[in-house]
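Trainee: quick one, what's the 3D model for this:
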Amino acid sequence: MPKKAEAHLPERKGSWLTYRPDIKVLDCTIRDGGLMNNSRFEDDFVRAVYQTLVAAGVDYMEIGYKGDKKIYSPKEYGTWKFCTEEDMRRIIGDSDATLKLSVMADVERTDYHNDILPKSQSVLSMIRVATYIHQIPAAMDMIKAVHDKGYETTINLMATSVVPEHELDEALALLAKTEVEVIYLVDSYGSFYSEEIRDLTRKYIHYAEKNGKKVGIHAHNNQQLAYANTIEALVLGASYLDSTLGGLGRGAGNCPTELLLGFLKNPKFHLRPVLQCLQEQIVPMREKIAWGFDIPYMLTGQRNMHPKSAMAFLDSEHRKDYLRFYDAIIE
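Mentor: Residues are numbered from 1 along each chain as shown. Below you'll find the predicted structure:
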């Protein structure tokens, strides 16, 4: 390739042959998958996922949410919407595994002052703060509070595909100066293509690295690009990679853990336990929960729309009438 053309390519920090010890895999099967069943997973399923991730050498498991019970009714939502210490300890037992537990805390939907204990009293290692652009001030308060309690912290800035670029720049500049360790690029609507992931990853790294932060990627599979986009962000320098077993997650799902571990060259990761869990737990789960690529999810991804309309359509009696859905969303 001519040198002139090379100058326009983004700096890459690896290739498919590269082993990078800074890479961390965070499996969010229970948390993201819980969006499809109101977090109503049985203990045996959650325990099987936990044991699988331990055996596979995965770095983090996101076991659910820290939802505020004043907002989310325990009658409507299951155990993993709240993740009490008692419930989490029931799953992990006396394990001394190196796998770290994390939860997601939505801004303005988490009573983080009361429901998140000091790290010394918790089995959790990481709190993942999820925020929309208009909630940045509240997110910064939460980051400081949970950091001061002793936790690792990340920030997941959601719905960035509909955020004006100047607002995104301002948000990243602010977040990079907080106590947060990892800033996540989130493709909430599954609408990004590789070119956009490339540009956004460079932008996030620009703000993160000069402030000593890492960058993560959380991709959705509306256009069957979650895995490819995760790899694109990885080779450009993102080091925290989200995935789920079998892609189990909201709507079209996420980057599959089995694909990601098969790609990475770190010998600490082991694929066989994941395949066993897929065979024994995830495939049977499809009889209870419908997730993964489907045409309505593709259409919302292409049109940069929240997938909730596709989720509702696929739960209706018209779920195979793709033209009906298409005509409805383009009106």
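
Trainee: going forward, measure contacts between C-alpha atoms and count neighbours the same way
Mentor: Will do.

Trainee: just checking, what packs against the helix or strand harbouring Cys277?
Mentor: Using DSSP states H and E, Cys277 falls within helix 272-277. Where contact means 3 or more C-alpha pairs under 8 Å, 6 or more residues apart in numbering; DSSP states H and E, helix 272-277 is packed against helix 43-56.

Trainee: show me what secondary structure element comes after the helix it packs on.
Mentor: Downstream of helix 43-56, the first helix or strand assigned by DSSP H and E is strand 60-65.

Trainee: just the mean pLDDT for the helix holding Cys277, thanks.
Mentor: Here helix 272-277 scores 98 as its mean pLDDT.

Trainee: how far is it from where the chain is centred?
Mentor: 21 Å (C-alpha atoms, centre = their mean, to the nearest Å).

Trainee: start at 796, not 1
Mentor: New numbering, starting at 796: the last item is helix 1067-1072.

Trainee: can you mark which positions in that helix are buried?
Mentor: Buried residues in helix 1067-1072, counted by 16 or more other C-alpha atoms under 10 Å: 1068-1070, 1072.

Trainee: helices along the protein, start to end?
Mentor: Secondary structure of the chain (DSSP state H): helices at 798-801, 824-828, 838-851, 880-887, 931-943, 960-970, 989-1004, 1021-1030, 1052-1058, 1067-1072, 1078-1080, 1090-1097, 1103-1109, 1117-1125.

Trainee: closest to Lys864 out of these?
Mentor: Closest to Lys864 of those, according to C-alpha to C-alpha: helix 880-887, at 14.8 Å.

Trainee: just the CA coordinates of the closest one, formatted as PDB?
Mentor: C-alpha atoms of helix 880-887 as PDB (Å, rounded to 0.1, in the frame of the first residue of the first chain):
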ATOM      1  CA  GLU A 880     -25.400  -9.400  48.900                       C
ATOM      2  CA  GLU A 881     -27.300 -12.400  50.200                       C
ATOM      3  CA  ASP A 882     -28.400 -13.400  46.700                       C
ATOM      4  CA  MET A 883     -25.000 -13.000  45.200                       C
ATOM      5  CA  ARG A 884     -23.300 -14.900  48.000                       C
ATOM      6  CA  ARG A 885     -25.800 -17.700  47.500                       C
ATOM      7  CA  ILE A 886     -24.500 -18.100  43.900                       C
ATOM      8  CA  ILE A 887     -20.700 -17.900  44.400                       C
END
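
Trainee: tell me who's in contact with Ala954.
Mentor: Applying C-alpha atoms under 8 Å, 6 or more residues apart in numbering, we find Ala954 in contact with 927, 981-984.

Trainee: I should have written Phe1108 there, sorry.
Mentor: By C-alpha under 8 Å, 6+ apart, the neighbours of Phe1108 are 1091, 1114, 1120.

Trainee: residues in contact with the helix holding Cys1072?
Mentor: 843-844, 847-848, 850-851, 1040, 1053.

Trainee: of the residues you listed, just the buried ones, PyMOL syntax please.
Mentor: Buried residues within the contacts of helix 1067-1072, by 16+ other C-alpha under 10 Å, are selected in PyMOL with:
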select buried, resi 844+847+848+850+851+1040+1053
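
Trainee: of the contacts of helix 1067-1072, which is the nearest to Leu1020?
Mentor: Nearest to Leu1020 among those, with distances taken as C-alpha to C-alpha, is Glu1053, at 15.1 Å.
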